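A.B. asks: Everything below, folded, please.
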Amino acid sequence: MRIGEIAGLVGITTRAVRHYHHLGLLPEPRRRANGYRDYTLRDAVLLARIRRLTELGLGLDEVRDVLADDAGREIVDVLEELDADLARQQEEIGARRERLGVLLGQARAGRMPAEGPVSPGLAELFGDMARASAALPGPEPAMAARDREMLALLETVVPEAERDRLLGSLREMARAPGAMERAYEVYAALDALADAAADDVRVEETARALAGLLPDDVVPDGPGDLDGWSGTVFFADFSAAQAAVVRRALRIAHERGAR
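C.D. replies: Numbers count the residues shown, from 1 in each chain. Below is the predicted model of the structure:
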């Protein structure tokens, strides 16, 4: 058989056959006088086995291990490992579909926040913010929308355990009587500092108000952590005064916790 014939018989491409030769999975057959490869039925049987193994999900390195053991002693180990890997993937897909179902429910009910998709817990916090904003006499402070964007970003980039701890603390803080109203007062004060310098006289008062809202377990543990926060990209869009407020608030909250 020519290469096109064996490829057609097994149901793969001639390119795949050449690739298997290159990797050493399929031995080179003898060649005819004109230089063309001359494949036999044994080659077709081996090629069909390679196809079956790859369709099961084995990588080509794993296929090589299986083929190298003519007695088939390793095939059980390889297939058990593949089965376990597929089970893990199935579990991950199930968890992702569960999260997707929650998000779909939010979207269909018109409860998907503009910053979404986010977790149900963060969506709940954003709902609390929306209700507080609706009670305001004027438009929502720009800093409140920026805070939601930052929280959505943190939820994506922070490790799961740390994310859950942070979100739990913020939701607990939001449930305290009057906390959300005070938070919106701080947002408004931060908006008022949008064009102010870092030494503005309003910085200290706003920082103390913000520090009073911060849960203890979202505050950096030590001065080194505070210094790390001072250079974080999360301050990139803040004015000098707004950044000074947040840094000062973190230091006040840290000193409060150290007492």
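A.B. asks: helix, strand or coil for the residue nearest to the spatial centre of the chain?
C.D. replies: When CA atoms, centre = their mean is applied to the chain, the residue found nearest the centroid is Thr156 (5.1 Å). Here Thr156 is helix, with the state taken from DSSP: H, G, I helix; E, B strand; the rest coil.
A.B. asks: quick one: it from Arg163, how far?
C.D. replies: Here Thr156 is placed at a distance of 9 Å from Arg163 (CB to CB, to the nearest Å). C-beta: built from backbone N, CA, C; applies to glycine.
A.B. asks: List phi and psi for the residue located most distally from the centre of the chain.
C.D. replies: Ranking residues of the chain by C-alpha distance from their mean position (CA atoms, centre = their mean) puts Ala33 at the top, at 58.2 Å. Per-residue torsions, Ala33: phi -60, psi -30 (degrees, to the nearest 10).
A.B. asks: any idea how far it lies from His21?
C.D. replies: Computed with CB to CB, the distance linking Ala33 and His21 is 20 Å.
A.B. asks: same thing with Ala236?
C.D. replies: Plainly put, Ala236 is 54 Å away from His21 if you go by CB to CB.
A.B. asks: Looking at those two now, which is surrounded by more residues?
C.D. replies: Ranked by neighbour count (other CB atoms under 10 Å), Ala236 and His21 place His21 first, with 15 against 7.
A.B. asks: so what's that one closest to, chain neighbours aside?
C.D. replies: Beyond its immediate neighbours in the sequence, the residue positioned closest to His21 (CB to CB, 6 or more residues apart in numbering) is Glu28, lying 5.9 Å away.
A.B. asks: what kind of secondary structure is the one you found in?
C.D. replies: Look at Glu28: counting by three-state DSSP, its state is coil.
A.B. asks: Please give the number of neighbouring residues around Ala16.
C.D. replies: Neighbour tally, Ala16, other CB under 10 Å: 17.
A.B. asks: Packing partners of the helix or strand where Met180 lies?
C.D. replies: In this structure, Met180 sits in helix 179-192 according to DSSP states H and E. Applying 3 or more CB pairs under 8 Å, 6 or more residues apart in numbering; DSSP states H and E, one finds that helix 179-192 contacts helix 120-134, helix 142-157, helix 160-175, helix 202-211.
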